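Participant: sequence and predicted model, in that order:
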Amino acid sequence: MVTIHVERTIAAPPEQVFAWLANPANLIVAPMVVRTGWAKDSAAPGVGAVRAVVATGMWFREEITAYDPPRSYSYRIVRAAPAFNNHSGTLTFTPSTFTPSGNRTHVDWTISYSHPVHAGGRAMEAVSSRLLPWNFRAILAGCAKALER
């Protein structure tokens, strides 16, 4: 099982940071993401909504499993190539101390998963555990760039 944890404090209110990161269109800032959005048969943002993501060498559908704006949301991969087992992720948004320049939000993003043997198993985990954090950090940096003034 692989566990990845990335975090960043962003100089914007939690409501704005949550909204930006929960919008799948913004995931395009990740270096490997080619196309992303809500799946065409998906409900509006919230529990049960499904994000569809196409990235270099992979595609996946993520179902939102918990949605508590602006505090947290969780998701799990329901379909993917290459395959993931038990992939789940949670983003938590914690208000930081008010500063003269405005509100700040600490984002804590944790995921865990494995790859089944038929999808490369531990060899694939060695690759994905290096690529995914790089992309998650790029998403958080894109959020900061978009919201920090």
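Facilitator: Thanks, I have it. Everything numeric here is computed off the predicted structure, so don't read it as measured data.
Participant: quick one: stretch 25-38 to chain centroid distance?
Facilitator: Remark: stretch 25-38 is offset 10 Å from the chain centroid, using CA atoms, centre = their mean, to the nearest Å.
Participant: mean confidence score for it?
Facilitator: The average pLDDT within stretch 25-38 is 96.
Participant: what's the answer for stretch 136-147, then?
Facilitator: 97.
Participant: show me the beta-bridge partners of Phe93.
Facilitator: Under the criterion DSSP bridges, Phe93 forms beta bridges with Val107.
Participant: measure it to Ala19 for me?
Facilitator: Counting by CB to CB, to the nearest Å, the gap from Phe93 to Ala19 is 10 Å. Backbone N, C-alpha and C define where each C-beta goes, glycine included.
Participant: what sits in contact with each of those two?
Facilitator: Common contacts of Phe93 and Ala19, defined by CB atoms under 8 Å, 6 or more residues apart in numbering, comprise Pro70.
Participant: quick one: low-confidence residue ranges for this protein.
Facilitator: Applying pLDDT under 70 to the chain picks out residues 98-102.
Participant: which stretches of it form strands?
Facilitator: Ranges of strands within the chain are 2-10, 33-38, 50-55, 58-68, 72-81, 85-95, 105-114, based on DSSP state E.
Participant: neighbour-wise, which of Phe93 and Ala19 wins?
Facilitator: Relative neighbour count places Phe93 above the other of Phe93 and Ala19, with 24 against 17, counting by other CB atoms under 10 Å.
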